[in-house]
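# prediction below, plus the sequence it came from.
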Amino acid sequence: MIRIATGVFVAGLMAASFVLPAQAHHSFSIFDSSKTRVFTGVVVRVNPDVNHLQIFFAVMNEERKNVIRDDKGQPIIWAVEMAGSAQSAREGISVNAFPPKTIISVALHPLRSGEPAGDRGGTAMFKCPANTPPPPGKHCDSVEGSVAFGTGKLPTPTT
């Protein structure tokens with residue numbers, strides 16, 4: 001009886017060692033879900049990580065003619081974090097679908113730390129047709145021929 005109880009205990013510990021890291025990994029508490037930022041930008045690169053695919057983009061100015069630059073003249077780069085690569089691919093989001101220079105519009109919940117990154121959550125993301133930025137002050141969802149990834153529309157930004 002003691003051997004069976006010990007075996008069940010060890011099996012339970014082994015199962016917990018697999019479950020607990022997975023649960024800890026999927027905490028989104030680092031993102032401020034009370035805030036929503038909406039950006040239009042130019043894709044710089046895509047990180048197809050297994051756990052969370054990320055798209056890095058240079059934020060465009062309101063005129064949609066250039067990217068915004070810091071005081072050193074470098075583009076301001078933001079990252080949007082999504083589900084894992086396999087799940088994102090089911091939505092059509094992949095490295096091949098978002099090559100560098102693709103213009104996108106995305107809403108995200110920013111990092112609480114203030115770093116330029118955020119979580120897309122369940123909002124839609126839009127890709128403008130090639131070489132077709134949106135009109136001044138607008139986003140890709142307003143451009144004829146844009147493609148939506150996910151459901152819904154871009155939410156209204158909150159502070």
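It's in. Given the structure is predicted, the values throughout are model-derived calculations rather than measurements.

# if you count neighbours, what's buried in stretch 103-121?
Using 16 or more other Cβ atoms under 10 Å as the burial criterion, the residues of stretch 103-121 that qualify are 103-111, 116-121. Backbone N, C-alpha and C define where each C-beta goes, glycine included.

# state the mean pLDDT of it.
Per-residue pLDDT over stretch 103-121 has a mean of 94.

# same thing with stretch 124-136?
The average pLDDT for stretch 124-136 rounds to 96.

# how about stretch 139-148?
Stretch 139-148 carries an average pLDDT of 96.

# mind listing what's buried in stretch 61-72?
Those would be R64, V67, for stretch 61-72 by 16+ other Cβ under 10 Å.

# which outside residues touch it?
With contact meaning Cβ atoms under 8 Å, 6 or more residues apart in numbering, stretch 61-72 is reached by 40-42, 58-60, 75-76, 133-138.

# for this structure, what spans make up the strands?
Listed in chain order, the strands of the chain (DSSP state E) span 37-47, 54-59, 77-81, 103-110, 117-119, 125-127, 147-149.

# save these as JSON lines, and put in distance to A89 too.
Shown next, in JSON lines, are the strands of the chain (distance: least, Cβ to Cβ, whole Å):
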{"stretch": "strand 37-47", "distance to A89": "11"}
{"stretch": "strand 54-59", "distance to A89": "13"}
{"stretch": "strand 77-81", "distance to A89": "16"}
{"stretch": "strand 103-110", "distance to A89": "17"}
{"stretch": "strand 117-119", "distance to A89": "18"}
{"stretch": "strand 125-127", "distance to A89": "14"}
{"stretch": "strand 147-149", "distance to A89": "11"}
